[in-house]
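A.B. asks: I would like the atomic coordinates for the input below:
(one chain, ligands or ions: 1)
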Amino acid sequence: MSVAEHVNLDEFMSGVKRRNPGQPEFVQAVQEVSEDIFEFIQDKLPYHEYQILRRIAEPDRVVSFRVCWEDDNGNIRVQRGWRVQNNSAIGPYKGGLRFHRDVTESVLKFLAFEQTFKNSLTGLPMGGGKGGSNFNPKGKSDHEVMRFCQSFMTELYRHVGADIDVPAGDIGVGAREIGYMFGQYKRITNQFTGVLTGKGLEYGGSLIRTEATGYGATYFLQNMLQHVGDSIDGKSVVISGSGNVATHAAEKVTHLGGKVLTLSDSGGFIYDPAGIDQEKIDWVKEHKTTRRGRIADYAGEFAGSEFHTDKRPWGVPCDLAMPCATQNELDGDDARTLLKNGCIGVSEGANMPTNLEGVHLFKEAQILYGPGKAANAGGVAVSGLEMSQNSARISWKEAELQKLLVDIMGGIHDRCVEYGGVAGTEHIDYVRGANIAGFVKVADAMLAYGVV
Ligand code: NDP
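C.D. replies: Got it, this is the predicted structure:
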């Protein structure tokens, strides 16, 4: 059979849609990757014969389970939990846990699929997984969150392990939740192993894990700018979100001389024309984590700033944009607005924050566009370093880890450049570069294993 007979993106995608009904986020993620991979594998017969892309787009397994817990009023509550183990060709499954009202199997399958390419791009030996629950942590007491986390881990512990699958945090899962889940895992199994990352420093966590995703996304932006002889210094930056990734991206942008104009949450965004400096970022961190407050309160705290209810920040003119909240938070109209206002670079701290139309517009405009699977890989990379420290029972120093993060983000940038060059131009298509570089390593390992 000729290679051409194997190659048909439309047929492939109609199969993906047919096999995954009601899973739009998963289909979107597979489509975005497949557009680049199909072109790349045109003349590479083994990838077709061994159905490599089809196999990566079919998770190794999806575990779904019931999570019962009791709220503070004595009511029995029932949630659904999942772990999606997408691919372990190059290492144990690795990827975060998300607790959010809107979590579905489709969302977790898209995240686990993306994670497979992202983890490969880091150069570390980690497969791709993701999990979570439709539990909504907002407004819950500490004890309710603890009871939920314990119940969740009481099922999850069967499916994870330091050499099997190592979850971490994501939306709604931070140090508090990881602590409760690690405590329960240890209690059930009587083992102190590196089964989760993002742990507290007192019990096996790594320095700079908290900062790593936001810092890494900013280093990636800086790397893209440096590649064209520019830098973040003096640039205005619009950021969405106000959680872990957004606040640390804002911090690193500020360190590098940029001016952060916005932050947001699910209630709207704040615009501060004077710039969100370190003191204001510290206030946001404290307000959103310790006080579990809303970003709207920023406007009452800092004179001259404005809160825009139920709006996204992409209409604020800027040089650079960093979506750091959630998936599909930047659509085609937002992309057009950013381009019209002269935005020259986008680095995605969140996973798949730009919808397919927006991705196509950024690619066509040939701006510096760093997709999440490359730009936000700093978090999982430092999680990989946490796993190494746990296995060796040592703790590396902060300066050492900071340097490793810079080096890893530089390596990811270089791998994107290697595969993302656009013929006849100096431009780098970072989406294509990330997709292909992430694919090749996983695909070659799968070829080595034969049909398993
Ligand atoms: P957090 O829970 O710390 O913060 C999430 C932020 O996004 C909050 O400001 C939240 O607002 C906002 N948000 C959530 N859902 C929506 C929505 N539907 N509309 C608007 N805003 C929303 O999560 P993280 O910062 O950890 O994660 C943010 C993104 O980064 C996610 O896409 C995640 O997958 C990705 N990521 C995270 C990594 C990590 O290390 N933490 C690693 C790699 C990627 P509110 O408070 O109102 O809910």
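A.B. asks: distance of the most centrally placed residue in the chain from Phe110?
C.D. replies: Centroid-nearest residue in the chain: Asn351, 4.2 Å away (criterion: C-alpha atoms, centre = their mean). According to C-beta to C-beta, to the nearest Å, Asn351 and Phe110 sit 8 Å apart. The C-beta positions use only the backbone N, C-alpha and C, and glycine is treated the same way.
A.B. asks: if I look at those two, which residues touch both of them?
C.D. replies: Counting by C-beta atoms under 8 Å, 6 or more residues apart in numbering, the common neighbours of Asn351 and Phe110 are Gln327.
A.B. asks: What is the neighbour count of Pro371?
C.D. replies: The local packing of Pro371 (other C-beta atoms under 10 Å) involves 31 other residues.
A.B. asks: Over to Gln85?
C.D. replies: The local packing of Gln85 (other C-beta under 10 Å) involves 23 other residues.
A.B. asks: ok, now which ones touch it?
C.D. replies: 59-63, 93, 112, 127, 129, 159, 165.
A.B. asks: if you set the cut-off to 10 Å instead, what comes out?
C.D. replies: Residues in contact with Gln85 (C-beta atoms under 10 Å, 6 or more residues apart in numbering) are 59-63, 92-93, 95, 112, 127-131, 159-160, 164-165.
A.B. asks: If any of those residues are buried, give me the ChimeraX selection for them.
C.D. replies: Listed next is the ChimeraX selection for buried residues among these, using 16 or more other C-beta atoms under 10 Å:
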select :59,60,62,63,92,93,95,112,127,128,129,130,131,159,160,165
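A.B. asks: Could you list which of the contacts of Gln85 belong to strands?
C.D. replies: 61-63, 93, 95, 127-131, 165 (DSSP state E).
A.B. asks: now the residues you listed in CSV, with distance to the ligand and pLDDT?
C.D. replies: Shown next, in CSV, are the ones in strands among the contacts of Gln85 (distance: C-beta to the nearest ligand atom, whole Å; pLDDT from 0 to 100):
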residue, distance to the ligand, pLDDT
Arg61, 21, 98
Val62, 18, 98
Val63, 20, 98
Tyr93, 15, 98
Gly95, 9, 98
Gly127, 16, 98
Gly128, 12, 98
Gly129, 13, 98
Lys130, 9, 98
Gly131, 12, 98
Asp165, 17, 98
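A.B. asks: just those now: which is nearest Phe307?
C.D. replies: Closest approach to Phe307 among the ones in strands among the contacts of Gln85 (C-beta to C-beta): Lys130, at 32.3 Å.
A.B. asks: Pretty sure that closest one sits against Glu114.
C.D. replies: Yes. Counting by C-beta atoms under 10 Å, Lys130 touches Glu114, with 8.3 Å between them.
A.B. asks: Now list whatever residues contact both of those two.
C.D. replies: Shared contacts of Lys130 and Glu114 (C-beta under 10 Å, 6+ apart): 86, 95, 351.
A.B. asks: what ranges do the strands span in the protein?
C.D. replies: Using DSSP E, strands in the chain cover 61-70, 76-87, 93-99, 127-133, 165-168, 236-239, 259-265, 268-271, 306-309, 320-322, 345-347, 368-370.
A.B. asks: Out of these, which gets nearest to Tyr298?
C.D. replies: Per C-beta to C-beta, nearest to Tyr298 of the strands of the chain: strand 268-271, 4.5 Å.
A.B. asks: does the ligand sit close to the closest one?
C.D. replies: No. Taking C-beta under 6 Å from any ligand atom as the criterion, strand 268-271 and the ligand are apart, separated by no less than 8.9 Å.
A.B. asks: I'd say Cys318 and Lys235 touch.
C.D. replies: Yes. Cys318 lies in contact with Lys235 (C-beta under 10 Å); the separation is 8.0 Å.
A.B. asks: got any residues that touch both of these two?
C.D. replies: Contact criterion C-beta under 10 Å, 6+ apart; residues shared by Cys318 and Lys235: 258-259, 344-345.
A.B. asks: Compare those residues and tell me which has the most neighbours.
C.D. replies: Gly258 (27 neighbours).
A.B. asks: need the contact list for that residue.
C.D. replies: Per C-beta under 10 Å, 6+ apart, neighbours of Gly258: 218, 221-222, 231-237, 239, 249-250, 252, 275, 318-320, 322.
A.B. asks: Among these, which lie within helices?
C.D. replies: 218, 221-222, 249-250, 252 (DSSP state H).
A.B. asks: So which of those would count as near the ligand as well?
C.D. replies: Okay, of the ones in helices among the contacts of Gly258, nothing touches the ligand (C-beta under 6 Å from any ligand atom).
A.B. asks: Next, format those residues as TSV and append neighbour count.
C.D. replies: Listed next are the ones in helices among the contacts of Gly258 as TSV, based on neighbours: other C-beta atoms under 10 Å:
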residue	neighbour count
Thr218	30
Leu221	31
Gln222	24
Ala249	33
Ala250	32
Lys252	19
